[in-house]
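Novice: turn this into a model:
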Amino acid sequence: MGARAQYVVVENGTWQRYYSHWAANRVADDLLPGPAAATRCFRANREIDDWLDDVWCEGAALVDHDRRVLLWFAYVGSWADHLAARAVLARTWPGWDVRFAHDGLGDLTHHLGVGRDLTRSPGWFETFEPSGFPYTEYAEPSSVVSVRLPDGSVRAWGSDWEPIDHLAGGSGVIDPIVASPPTPTLTDMPDGGVHFDPQTRTVSLWAVRTVAGIHDWPLPRWENWTLDFRGDDHTHQAGLLPADFPFPRPPLAPALRKLGNGLGTPPPDNGAVLARAAALAGPEGTTTAVNPAALVPHEPADPTPAELTLLRTALDALVAEAEAD
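Specialist: As a prediction, the model looks like this:
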C-alpha cells in the first residue's frame with residue numbers, strides 16, 4: 001500500500017538514495033521550486049541503500065549536481081498537467097538538462113552507469129500473441145494508434161492500451177488494428193500514441209507516461225523494424241493523423257493554475273490514518289500488520305521565500321503566455 005517514490009542525489013562524485021512511502025504523486029510538486037529546494041526535500045526523507053523496482057516505484061527523481069541533470073518520472077494527471085509541469089521545470093531549473101525518465105528507473109540507473117536492468121527481473125517485459133485490438137468505445141482513450149495503409153492513407157483509432165502495450169504483441173498486432181471498426185473522435189488529449197508504417201517498417205511512439213523497455217529495441221518480434229521514439233512530443237503523429245481524427249488542443253492555463261493553487265499544500269498524513277486503523281480490533285483470530293514505512297509521513301519541499309517568489313513568477317509568466325497563445 002502506498003505510492004512509493006525513490007530519489008537519488010549526486011554530488012561531488014558520489015550518490016545516495018532516499019525513499020518516501022507516499023510521495024509518488026508529489027514528485028513533480030517537490031521539484032517545482034528548483035534544485036536546492038528539491039535536494040533539501042529528498043535529504044529530509046529516509047536514506048536507504050536499496051533500489052525499488054519498476055513494480056513498486058511509482059515516481060522517482062535523480063538530481064545530479066555535478067552534471068546539472070534532472071531525471072524524473074511520475075504520473076501527474078492529464079496531458080496538459082504533464083506539459084504544465086515540464087514548462088515550469090524549464091523555468092525553475094535554469095541551466096539544467098531536465099528530462100522525463102521514460103524508461104522509469106532504467107533511465108536513472110543508466111545515468112549512474114550501472115545499466116538499465118538493475119531493478120528488473122529476467123523476462124519482465126511480457127509479450128503476447130495478438131488476437132485482437134482493444135479499441136475504445138469511450139471518449140477518453142489511453143492512447144491513439146495510427147497506421148499507414150498500402151494506398152498511402154492513414155487511419156487512426158483510440159485505444160484502451162498504454163502506448164508501450166501496442167509493441168508487446170510484435171508486428172502481428174497491425175492486422176487486427178486495421179480490421180477494427182472506427183472509434184469516436186477525441187475530446188481530450190491521450191497519454192501517448194503509436195504510429196505504424198509497414199512500408200518503411202518504422203514504429204513511431206510518444207508518451208507523457210513511462211514506457212519502460214523502450215530503449216531495449218528491437219523488442220521481440222520487431223526485428224528489422226526501426227523505432228522512432230519521440231519522447232513526449234506528439235507533433236509528429238499529429239501531422240500524420242487524418243483530418244477527421246485530429247488531436248484536440250487543451251488549454252494549458254488551467255493546468256498551470258492548478259499547480260499554483262497546490263503550492264504550500266501539505267501532503268495528507270496517511271501514516272497517522274493507518275496507525276489509528278491498526279489500533280482497532282480486527283475480526284476474531286486476525287492481527288493487523290502495518291508496514292512501518294507506511295507510518296512515516298512524506299517530508300515535502302519547503303521552499304525559501306526567495307525560491308517561492310521565483311516559482312510564482314515563473315507560473316504567472318507561463319499563465320500569461322498560455323492565455324495569449
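Novice: any weak-confidence spans in the stretch 151-300 of the chain?
Specialist: Counting by pLDDT under 70, the stretch 151-300 of the chain contains low-confidence ranges at 264-297.
Novice: all helices for it, in order.
Specialist: For the stretch 151-300 of the chain, helices defined by DSSP state H, counting those that start in this stretch occupy the ranges 174-178, 235-240, 253-261, 270-279.
Novice: what lies in contact with the shortest one?
Specialist: Under the criterion C-beta atoms under 8 Å, 6 or more residues apart in numbering, residues Pro130, Ser131, Gly132, Phe133, Val145, Val147, Leu149, Arg155, Trp157, Phe196, Pro198 lie in contact with helix 174-178. The way it works is simple: take the backbone N, C-alpha and C, and place the C-beta from them, glycine included.
Novice: that one: which residues count as buried?
Specialist: Ile174, Ile177 (16 or more other C-beta atoms under 10 Å).
Novice: that one: how far from the chain's middle?
Specialist: 27 Å (C-alpha atoms, centre = their mean, to the nearest Å).
Novice: how many neighbours does Pro182 have?
Specialist: For Pro182, the count of nearby residues is 12 (other C-beta atoms under 10 Å).
Novice: in space, what's closest to it - neighbours in sequence excluded?
Specialist: Trp157 (7.3 Å; C-beta to C-beta, 6 or more residues apart in numbering).
Novice: can you tell me how far that neighbour sits from Gly192?
Specialist: 14 Å (C-beta to C-beta, to the nearest Å).
Novice: overlap in contacts, these two.
Specialist: By C-beta under 8 Å, 6+ apart, the residues touching both Trp157 and Gly192 are Val144.
Novice: among these two, which residue is more densely surrounded?
Specialist: Ranked by neighbour count (other C-beta under 10 Å), Trp157 and Gly192 place Gly192 first, with 27 against 22.
Novice: ok, that one - contacts?
Specialist: Ser142, Ser143, Val144, Glu162, Pro163, Leu205, Trp206, Ala207, Val208, Arg209, Val211, His234 are the contacts of Gly192 under C-beta under 8 Å, 6+ apart.
Novice: ditto for Val173
Specialist: Applying C-beta under 8 Å, 6+ apart, the residues near Val173 are Pro130, Phe133, His166, Leu167.
Novice: just the strands in the stretch 151-300 of the chain please.
Specialist: Using DSSP state E, counting those that start in this stretch, the strands assigned to the stretch 151-300 of the chain run over residues 154-159, 192-197, 202-207, 226-229.
Novice: give me the angle between the first one and strand 192-197.
Specialist: Inter-element angle recorded for strand 154-159 and strand 192-197: 150 degrees (by axes from the mean of the first three to the mean of the last three C-alpha atoms, to 10 degrees).
Novice: from the chain's centroid, how far away is strand 154-159?
Specialist: For strand 154-159, the distance to the chain centre is 23 Å (C-alpha atoms, centre = their mean).
Novice: what packs against it?
Specialist: strand 143-148 (3 or more C-beta pairs under 8 Å, 6 or more residues apart in numbering; DSSP states H and E).
Novice: the strand it packs on pairs with which strands, and in what direction?
Specialist: With DSSP bridges as the test, strand 143-148 is paired with strand 154-159 (antiparallel), strand 192-197 (parallel).
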